[in-house]
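> here you go, sequence then predicted model.
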Amino acid sequence: MQSFRTEIENPVVEKDIIELEKKIRQFKDGNIDEEKFRSLRLARGVYGQRQQGVQMIRIKLPYGKVSSKQLLRIADVSDEYSRGRLHITTRQDIQIHYVDLERTPELWAELEKDEVTLREACGNTVRNVTASETAGIDVDEPFDVSPYAQAVFEYFLRNPIGQEMGRKFKVSFSASDADTGLSYMHDLGFIAKEKDGERGFKVMLAGGLGSQPRHADELYSFLPTDKIIPMMEGVVRVFDRYGERKSRAKARMKFLLKDIGLDGFKQLLEEEQTAVPHQTYPINFEDYPKVNVAEVKTPEVTIEDQTAFEDWKSTNLVPQKQEGYVAIGIKVLLGDFYTDKARELAKLVQDYAAGEIRLSLRQNILIPYVKEDLVPFFYQELKKLGFAEAGYNKALDITACPGTDTCNLGIASSTGIADELEKVIKAEYPQYIKNPDVVIKISGCMNACGQHNMAHIGFQGMSVRTKDKLVAPALQVLLGGGNYGDGKARFADKVAKIPSKRGPQALRLILDDFEANGNGASFTDYYEEKGQIYFYDFLKPLTDVDNLTHEDFIDWGNEEKYVKEIGVGECAGVIVDLVATLFFESQEKIENAEEAIKEGKWVASIYYSYQSIVNSAKALLTAEKVKVNTHASIIKDFDRLYVETDKIAFEGGFEKVALQLNQNEPSEAFAKSYLEDAKTVLEKLEAFRKMELEHA
C-alpha cells in the first residue's frame, strides 16, 4: 500500500491518504479504538454499510459538477475496487459500494489524479456543497453561483474549524428565487440576489429534515458576496462551540437555534468576529474556468419514432440562457447507473458538448451546453445507452435513498417501493409522466436522505406490529410538502402508516382523488384546502393490520420474510469518550498546531490549540461521568468542578484561558502563546489524572 505515495502531486492530499493507510493498519493491529477509527474514516468518505466487511465510499463532487475526465476516473475506480455500479445521491455525490477497507487509500489516490476527493464526504464535517444543477445556464439567475460554491468548498476543505463538530453541516446555493438548491432545509442556504448592481445572497440558517424537520430562518436578506465566507466561518465556529455533542438526536444546527433563538445566535456570531481571520473575502468570479464547447459538424440523424422523440423533448429539455443551447436532462432510475454507460456518456459530452455533466438533487444527470441542432443526435445516442426515458424532474421521477439495500439505518425498502410506484404511474397514470407538479420522494428511515418530508407525496420506511406481535415492513405516508421559492416552503404532514405492500394502493387513492377533486389547483394548494384529516379518512382502511397476508410480511424487492434490523448509524460520526484516547487526541492537536505554525498558518494553529485545550478538559470531565454535551458546557463545568474547588489552578479561570481565541486577532504572536497555553493545560490535566489514579 506504499506505491501510490509518490504519485500524488499535492503534498497535503498525499499526507492525508498516507494517514488513512496508517490508521487502517493501526486499527487492524488493534492499536486504535474502533470508535476513534470510525470517526477518522468517516471524515475521509469511508462509510460502513449494512453488509459486514465492506464499505460504502462517498465521492465528494461540489455542486454536482463532473468533468468527462473525472467521470472516466470514477468509472475506472468503481470497476477496480467495487462492482461497477454508481449511485447518485440527493447531495450530488456519487457513492460506490462493497469496497474492501484496506484498499480505500489506493482508491482515493486514484481519484485524486483527476482532483476528485473523498475528504469530508461523511462524518461531523462541512459536507458536500450543493447547488442548483442549472447554475450558470439558468434563464432566471441573476448570476452564476458556481464560483461561490467552489470557493466555499475550497475554503472549508480540511479547515480545522469544521473537522470535529457535534454533527454534519450542510450548505447549498440556489441559482434564483425558484430556490432549486432548497435553502430552507439546509444549515446554511444561499439564494442569489442582485441589489443596486451588486452581487449577493439571501442567507437562510438552520433548516433541516430528519424526524423533526425545521424551516430555516432568514439570517440576512442580502449579504454581499465578499462577506459569505467570513459569515460562514463565524457560523461554523459558533456551532462547533455551542452545538450538542452527546445526544446525536439533538446535535444539528436546527436544535441549537431552537434553544437559543435567532437573536441569541446572532449575538454569539458577533462575539466570534475578532477570531475570524477575514472580515471580507473577495471571490473573483471572472477567474472561474470558462466553458469550452466542442466544435463539431452536426451528424445526420433519422428519428424512427417521432412521437417518442417529441414526448422526450417535452419533458427532458431544459432551457438555457445562452442562445443556441439547451440542457438535456437524463432521468436516472433511483440514481443508479453503471460504468459502461458512464464511459459512453463521458465521451459523448466531451466530443459534442462542454465536457461536463451535472448531478442533480433528484439523483439525475443534466448535460449543459448542447447545441440546439444536436438535440436529435443526442436523443439517438442517449437512447442507445438507455438514457432517453421521458419524465425528467416530473412525477414519474421518484427520488429514493438506498434504504435496506445497503444502509445500516434502513428500516424498510425504499428502492423496491420506488420501482413499484414508477410502474403504477407508467401503466395507470401516464399523464403524470409530464407532470412537474407532483414530486414523490422515499426514505428508508426517518433520517430523510430521500427527502420524503419535503415532497408533495412522501413515504418513510417504518415497521408495523400486529396484535400477535408479528412485524411487517411499513410506510409512513406524508403529504403536502412544497417549495414556494425564495427560501419559503412547507414540510409534509404525516397522514397514515400502512403496510409497505399497500403503498401502490395508497398512491392510487391519492392520485384518483387529486384528479377528481383538485379542480386544477397545484397539489400543495389542493392538500392545504382539503386538510390532513380529509386524507387520513380515505387512507384509513389501508392502516388496518388485522388482515395481513403472507405477502405483507415480505418487503418490496425481497423474497424472504421481513426482519427489522437497524445497525449503528454513521451519518453523524461517533463521539469518543475514553479518557486516555482524549488525552492522546489533545497531544495530536498540539502537534498539528506546531506544524501549522511552521507553515505560517496562524488561524489553523490557534484552532488546533483550542481543540486541544477543550479536549483535555473533556477527558477529566469524562472520567467523572460529567455530561460533555457542548464545548461551552465543558469549559464552564471544568471551571466549576476543578478550578473553583482549587483542585487545579488557572489564573483568572479556565474559561479565560480557553476562550482567548475569540478575544484576540489571529496573529503569529498569539498563535505561539496560545500553543504554549495548550501544552500547559495538557500537562497539568494529565498530571492531575495520574495523581488521581495513583491514589484511587
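Everything's here; your move.

> ok, T180 touching T130?
No. If you go by C-beta atoms under 8 Å, T180 and T130 don't touch, sitting 10.2 Å apart. The C-beta positions use only the backbone N, C-alpha and C, and glycine is treated the same way.

> what's next to stretch 73-81, contact-wise?
By C-beta atoms under 8 Å, 6 or more residues apart in numbering, the surrounding residues in contact with stretch 73-81 are 57, 59, 66, 84-86, 94, 96, 99-100, 103, 106-107, 110-111, 113-114, 116, 339, 342-343, 346.

> that older thread, find the residues that touch each one of T180 and T130.
Each of L361 lies in contact with both T180 and T130 under the rule C-beta under 8 Å, 6+ apart.

> now stretch 137-155: mean pLDDT?
Taken as a whole, stretch 137-155 has an average pLDDT of 98.

> likewise for stretch 623-632?
On average, the pLDDT along stretch 623-632 is 91.

> my guess is E422 meets I398, correct?
Yes. Shown here, E422 and I398 form a contact pair, counting by C-beta under 8 Å, at 5.8 Å.

> these two: which has the busier surroundings?
For E422 and I398, the more surrounded residue by other C-beta atoms under 10 Å is I398, and the numbers stand at 28 against 22.

> any idea how far that one lies from E110?
Using C-beta to C-beta, to the nearest Å, I398 is found at 33 Å from E110.

> go on, A388?
Look at A388 and E110: by C-beta to C-beta, they are 31 Å apart.

> do the same with H97
For H97 relative to E110 (C-beta to C-beta), the value is 17 Å.

> same check, this time on N128
For N128, the distance to E110 - C-beta to C-beta - is 20 Å.

> quick one, which of these two is more surrounded?
Higher neighbour count among N128 and E110: N128, with 26 against 18, using other C-beta under 10 Å.

> so the more buried one, which state does it fall into?
Assigned with DSSP: H, G, I helix; E, B strand; the rest coil, N128 falls in the coil class.

> now do the contacts for it.
By C-beta under 8 Å, 6+ apart, the contact list for N128 reads 60-62, 91-93, 121, 153.

> G458: which of those residues is nearest?
Among the contacts of N128, R91 lies closest to G458 (C-beta to C-beta), at 17.6 Å.

> my guess is that closest one contacts K170, does it?
Yes. Counting by C-beta under 8 Å, K170 is a contact partner of R91 at 7.4 Å.

> overlap in contacts of the two?
With C-beta under 8 Å, 6+ apart as the test, R91 and K170 both reach 127, 130.

> and the next helix or strand past the lowest-mean-pLDDT helix or strand in the chain?
Between all helices and strands in the chain, the lowest mean by mean pLDDT, DSSP states H and E belongs to helix 34-42, at a mean of 75. Moving toward the C-terminus from helix 34-42, the next helix or strand (DSSP states H and E) is strand 46-48.

> what's the average pLDDT for that following strand?
Mean pLDDT, strand 46-48: 80.

> inside helices: which ones of the contacts of N128?
F153 (DSSP state H).

> tell me the one among the contacts of N128 nearest to D226.
Distance to D226 across the contacts of N128 (C-beta to C-beta) is lowest for F153, with 17.0 Å.

> list the contacts of the closest one.
62-63, 128-129.

> and I303, how many residues sit next to it?
14.

> so how far is E295 from it?
Taking C-beta to C-beta, one finds I303 at 24 Å from E295.

> what do you get for V236?
From V236 to E295 the distance is 44 Å (C-beta to C-beta).

> more crowded one of the two?
Ranked by neighbour count (other C-beta under 10 Å), V236 and E295 place V236 first, with 24 against 7.

> quick check: the more buried one touching G166?
No. V236 is beyond contact range of G166, at 11.5 Å (criterion: C-beta under 8 Å).

> from Q350, how far out is A294?
A294 sits 7 Å away from Q350, going by C-beta to C-beta.

> those two - which one has more neighbours?
Neighbours per residue (other C-beta under 10 Å) separate A294 from Q350, with Q350 holding more: 17 against 14.

> can you redo the contacts of N128 as CSV with distance to L333?
As requested, these are exported to CSV (distance: C-beta to C-beta, whole Å):
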residue, distance to L333
K60, 24
L61, 20
P62, 25
R91, 19
Q92, 17
D93, 18
A121, 23
F153, 29
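
> ok, so of the contacts of N128, who is nearest K266?
Nearest to K266, judged by C-beta to C-beta, of these is F153 at 25.6 Å.

> which strands or helices does the one helix or strand K618 maps to pack on?
Per DSSP H and E, K618 falls inside helix 602-623. Counting contacts by 3 or more C-beta pairs under 8 Å, 6 or more residues apart in numbering; DSSP states H and E, helix 602-623 is packed against helix 579-598, helix 631-638, helix 654-658, helix 668-694.

> off-centre distance for the first one?
If you compare the mean C-alpha spot of helix 579-598 with that of the full chain, they lie 28 Å apart, counting by C-alpha atoms, centre = their mean, to the nearest Å.

> select only the buried ones of the contacts of stretch 73-81 in PyMOL?
This is the PyMOL syntax for the buried subset of these, where burial follows 16 or more other C-beta atoms under 10 Å:
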select buried, resi 57+59+66+86+94+96+99+103+106+107+110+111+113+114+116+339+342+343+346
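
> among the contacts of stretch 73-81, which lie within helices?
Counting by DSSP H, the part of the contacts of stretch 73-81 found in helices is 106-107, 110-111, 339, 342-343, 346.

> so what pLDDT did the residue nearest to L348 when sequence neighbours are not counted get?
Excluding the flanking residues, the one nearest L348 by C-beta to C-beta, 6 or more residues apart in numbering is E381, at 5.6 Å. Looking at E381, its pLDDT is 97.

> how about E381, secondary structure?
helix.

> isn't it right up against K347?
No. Using C-beta under 8 Å, E381 is not in contact with K347; the gap is 9.7 Å.

> more crowded one of the two?
More crowded of E381 and K347, by other C-beta under 10 Å: E381, with 20 against 14.

> for that one, give its distance to V301.
Distance, E381 to V301, by C-beta to C-beta: 9 Å.

> show me what contacts A472?
For A472, the contact set (C-beta under 8 Å, 6+ apart) comprises 463-466, 499-500, 545, 548, 552-553, 562.
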